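[1] Structure of the sequence below:
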Amino acid sequence: MTEQTQRSVSEDRELSADEIEALVREYDSESNFRNLIGPTALLVTVLSVTLSLFHVYTAGFGLLNEVTHRTIHLTFVMGLVFLVFPRRRAEPTRRLWIDSAIFGAFYLYITYDLVRALPASSLTYLFGAAMVALTVLTLPLKGRGLPGSKVALRDWLFAILGAGFSLYLVVFFRDVFIVNVGDPRPQEYMVGLIAIIMTLEATRRTMGPTLAFIGVFCVIYALFGPYMPGILGHRGYNILRIINHLFVGTEGIYGVAVGVVATYVFHFVLFGILAQMSGLGQLFIDLATIVAGRASGGSAKVSVVSSGFFGMISGSPIANTVTTGAFTIPLMKKSGFTPRFAGAIEASASCGGQVTPPIMGASAFVMTEMLGVPYNEIILIAIIPAAFHYLAILLMVHLEAKRLGLSGLSSDKIPQFKAVLKKSWHLFIPLIVMVGLLLMQYTPFLAAFWGIILTIVFSYVPALMHALGNTDMDRSTVLTPPRLVRGFEDGAKFALAIGAACACVGFLLGITTLTGLGFKFSAAVVQLAYDLAGFVTAMDFTGLLSEKSLALFFGLVFVAIACIIMGAGIPTTPTYIILASIAAPALLEFDIPLIATHFFVFYFGVLADVTPPVALAAYAAAGLARSEPMTTGTTAFRLSMGKALVPFMFIYAPSLLFVNFNAVEFVAALVSGVICIVALSAAYIGHFRATLGKLDKLALSIGGLLLISTDWLTMAIGAALVGGVFLRNSRAASAVVS
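    Alright, predicted model coming up:
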């Protein structure tokens, strides 16, 4: 942790805006912006505002054709990335040398392969030499490039090349997509190679090396298919075919991943920024305090509720953790919660916002696009799983508060509902209109358009009320022209990382369609699951175990682990797109409904933000709570038990997602799910009306897990175990009281 961050958390107090920004930068690569000044800062502001205005205009007055819209979007995004983000963060020298060796060798090889494949000419050889020089420039071996540094000359070159490869498709649209379709000219291949290198470099800068390495692996996999082992082998493709597939058309870089960012995600990122600037974040905290503040452990319950509210419109669990945690974590510590528990609660609740309807951090709209399911159905399906997640967190907060003997917040710390409503009533209108339009099945970008416009318009209500003599409202939240420019700039900046990440995700999607990688992954998972199930059933002398049911269970576990690993350090939207393309098809082999498979991988992808060793949201919360990061991450993962168990519940009982609905199955799954969560929450905290012994915790854990099943006998055994422990513990507690 930096010295500045240590100072910022040295006291249990609310952090200043600068301290919050420093903490977000430390843990969130997406927010690691340069502190630009002078003409460069002005240029970035102009370009960012232009990008935001482009999206606002097209959302309200009609999108351009698919390819043009995506290429214009990526022209701005790639150009801005290299001006806004530094070349690298401070990392161990050994790691930097390894990264540089991998990326450098890859760039040189594909350059050599392309030069060899193109017709021999002086232009080809000159291009090859230029690509060698470009490779050397991309290697992050010298200069830390910290947020306050100036933009180096090489970054101006990268910005031109990054914007240039998309701009090329805009300018030469007719030649590329109509005249020469299917038979690109040599210059298209050259520009395509630049696109691959610049996309990987932009992703590395904004997201770190993990996702960029995935992009590198995808291209290598396509090139060396015949040399891949076993089921992963394929015929292999030359560099010309790969560049054509990734660069020209909508199968690769300009595929569905960039499409959902350019038409959905960007708009809601911008709406979230403007809404927060107009006071919506404080409104969420006030409402959460009113709803939960008086209850036992009220400070932690305020954290859960406010983070859930804010997380619905926030695309970043880390930013959500720091923004709400700056207020709630010191409050929890003062109330008596340990720093570790306070940080873990905030991280777990903040990640929960990504699975909470109606906005789900824009993921609902991505699901709508990928599944072809109406938005209304997506948010209906998401209700029960999200409720289970928050039930688990709130129960653990409540039981921990009871164990420690903590009370709620004092009356003077709880705002009056009438006062909050009088001060902030105008902030509800954009939200109500936006959600109403979505429920009426208008397009998400049109709903976002009106949400943005009404947020700007109604932000002037406090100024109007002041003019009329009402001084209760806060005029500092008015989106005046200077603040609006800053909001448009910040909205564009916060969308840059996810834009670059989704362009890199296009590598995976493109190579998947080219090589059938998704089907190969599915086949490998299914084969491994059935092999392991067969091994277990062969050792079962009772004959009670079913190979098919065991294979399903093992398949779910394998896919869950893959989702957590692949989602580590990657934003929610690209994580979901990757997992839906690679991991979800594996579950279809077990006859699981399509929408259930998508929700399963989505939940475990989000869980990666609180799963050590890359629990970034938990580490950010640990920075605020001044607790040990790894133990905070482990605690946050345990507190997210509902998010880990719920996917198994709705796989075994799809009625929880209102899929293949059966009333008896729905009620049984709902009741057993609630009892399961209560049991496991009590087992983890070690308290239910009184302290639980080791055998009690073991019995509750086993009973709770048995309740996930839809088999009536298994559920009955689980219920008996849980009921027996609770009944005995309740009697013991009553005896102590009497």
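[2] From now on I want contacts and neighbour counts done on CA atoms only, so please keep to that.
    Noted.
[3] I figured residue 653 hits residue 666, correct?
    Yes: if you go by C-alpha atoms under 8 Å, residue 653 and residue 666 touch, sitting 7.2 Å apart.
[4] Look at those two and report which has more neighbours.
    residue 653 (24 against 18; other C-alpha atoms under 10 Å).
[5] show me the contacts for that one.
    Residue 653 sits next to 665, 666, 669, 710 when contact means C-alpha atoms under 8 Å, 6 or more residues apart in numbering.
[6] can you tell me which of these lies nearest to residue 341?
    The closest of the contacts of residue 653 to residue 341 turns out to be residue 669 (C-alpha to C-alpha; 29.9 Å).
[7] Filter the contacts of residue 653 down to the buried ones.
    Taking 16 or more other C-alpha atoms under 10 Å as the criterion, what is buried in these is 666, 669, 710.
[8] Pick out the lowest-pLDDT one from those.
    The member of the buried ones among the contacts of residue 653 with the lowest pLDDT is residue 710, at 81.
[9] and residue 119, how many residues sit next to it?
    Neighbour tally, residue 119, other C-alpha under 10 Å: 12.
[10] and it, which of the three is it?
    coil (DSSP: H, G, I helix; E, B strand; the rest coil).
[11] and the closest residue to it other than its chain neighbours, how far is that from residue 192?
    In space, and not counting its chain neighbours, residue 119 is closest to residue 186: 7.9 Å by C-alpha to C-alpha, 6 or more residues apart in numbering. Separation of residue 186 from residue 192 (C-alpha to C-alpha, to the nearest Å): 10 Å.
[12] Tell me which helix or strand comes right after the helix or strand harbouring residue 246.
    Using DSSP states H and E, the element containing residue 246 is helix 239-247. Downstream of helix 239-247, the next assigned helix or strand under DSSP H and E is helix 256-260.
[13] Quick check: the residue nearest to residue 119 vs residue 168, distance?
    Counting by C-alpha to C-alpha, the gap from residue 186 to residue 168 is 14 Å.
[14] Same check on residue 196?
    Taking C-alpha to C-alpha, one finds residue 196 at 14 Å from residue 168.
[15] again with residue 674
    Shown here: residue 674 relative to residue 168, a distance of 56 Å by C-alpha to C-alpha.
[16] So residue 196 and residue 168 - more neighbours on which side?
    Ranked by neighbour count (other C-alpha under 10 Å), residue 196 and residue 168 place residue 196 first, with 24 against 15.
[17] If I take the helix or strand containing the more buried one and helix 239-247, what angle do their directions form?
    Using DSSP H and E, the element containing residue 196 is helix 186-207. With axes from the mean of the first three to the mean of the last three C-alpha atoms, to 10 degrees defining the directions, helix 186-207 sits at 60 degrees from helix 239-247.
[18] and helix 186-207, what's its mean pLDDT?
    Throughout helix 186-207, pLDDT has a mean value of 93.
[19] and that helix, which residues are buried?
    186, 188-207.
[20] Which neighbouring elements make contact with it?
    helix 66-84, helix 93-117, helix 153-171, helix 209-223, helix 239-247, helix 481-515 (3 or more C-alpha pairs under 8 Å, 6 or more residues apart in numbering; DSSP states H and E).
[21] out of those helices, nearest to residue 680?
    Proximity to residue 680 (C-alpha to C-alpha) singles out helix 209-223 among the helices and strands packed on helix 186-207, at 33.7 Å.
[22] Show me what counts as buried in the closest one.
    Neighbour-count burial for helix 209-223 flags 209-216, 218-223 (criterion: 16+ other C-alpha under 10 Å).
[23] quick one: low-confidence parts of the stretch 101-250 of the chain?
    Across the stretch 101-250 of the chain, the ranges flagged by pLDDT under 70 are 141-149.
[24] so what's the residue nearest the centre of the chain up against?
    Using C-alpha atoms, centre = their mean, the residue of the chain that lies closest to the mean C-alpha position is residue 572, 1.9 Å off. Contacts for residue 572 were tallied using C-alpha under 8 Å, 6+ apart; they are 315, 316, 354, 363, 605, 606.
[25] Name the nearest residue to the third one, sequence neighbours excluded.
    Looking back up the chat, that one is residue 354. For residue 354, ignoring the flanking residues on the chain, the nearest one in space by C-alpha to C-alpha, 6+ apart is residue 360 at 4.6 Å.
[26] Does that neighbour touch residue 310 like I think?
    No: assessed by C-alpha under 8 Å, residue 360 is found out of contact with residue 310, at 10.2 Å.
[27] Find the residues that touch each one of the two.
    Common contacts of residue 360 and residue 310, defined by C-alpha under 8 Å, 6+ apart, comprise residue 353.
[28] Any buried residues in stretch 723-732, and which?
    Buried-residue list, stretch 723-732, by 16+ other C-alpha under 10 Å: 723, 725, 726, 729.
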